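>>> Let me see the structure of the following:
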Amino acid sequence: QVQLVESGGGLVQPGGSLRLSCAASGSIFKINAMGWYRQAPGKQRELVAVVISGGSTNYADSVKGRFTISKDNAENTVALQMNSLKPEDTAVYYCNANAKATIWSPSDMYWGQGTQVIVSS
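As a prediction, this is how the structure comes out:
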């Protein structure tokens, strides 16, 4: 199994910055992609940003130009640098990995426990 542990959430004023980090551990044969999703109260979970194993990235339109995702393949970690934060960015942010636990395993989706981000003055 793949375990994901997030860190870096918290309270920040509008216009401020936060950096989220996520480390993958456990049985990992291959990570196909890692990314971040978020879920605000009363809303569905949505993709924020993802980085594919080859290095390509994809962002939600609402965060383009403000958030940057980066991955350290050697350490199996992914980070989300969030700048110019807005109150509407307030949500629980979840780390996600599409990975194979062993050479025989199918690719599966794994989730972290979530970290709260609150943007408020």
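
>>> Whatever residue is furthest in space from the centre of the chain and residue 27: what is the separation?
Farthest-out residue of the chain from its mean C-alpha position, per Cα atoms, centre = their mean: residue 104, at 26.1 Å. Distance, residue 104 to residue 27, by Cβ to Cβ, to the nearest Å: 11 Å. C-beta here means a position set from N, CA and C on the backbone, and glycine is covered the same way.

>>> From what I see, residue 19 and residue 81 are in contact.
Yes. Taking Cβ atoms under 8 Å as the definition, residue 19 is a contact partner of residue 81 at 5.2 Å.

>>> Helices of the protein, start to end?
With DSSP state H, there are no helices along the chain.

>>> Taking the centroid of it, which residue is nearest it?
Most central in the chain (Cα atoms, centre = their mean) works out to residue 36, at 2.3 Å.

>>> Need the pLDDT of it.
Note for residue 36: predicted pLDDT of 98.

>>> Equivalent analysis for residue 118, please.
Reported pLDDT for residue 118: 98.

>>> excluding its backbone neighbours, what's nearest it?
In this structure, residue 118 finds its nearest non-sequential neighbour in residue 11, 4.7 Å apart by Cβ to Cβ, 6 or more residues apart in numbering.
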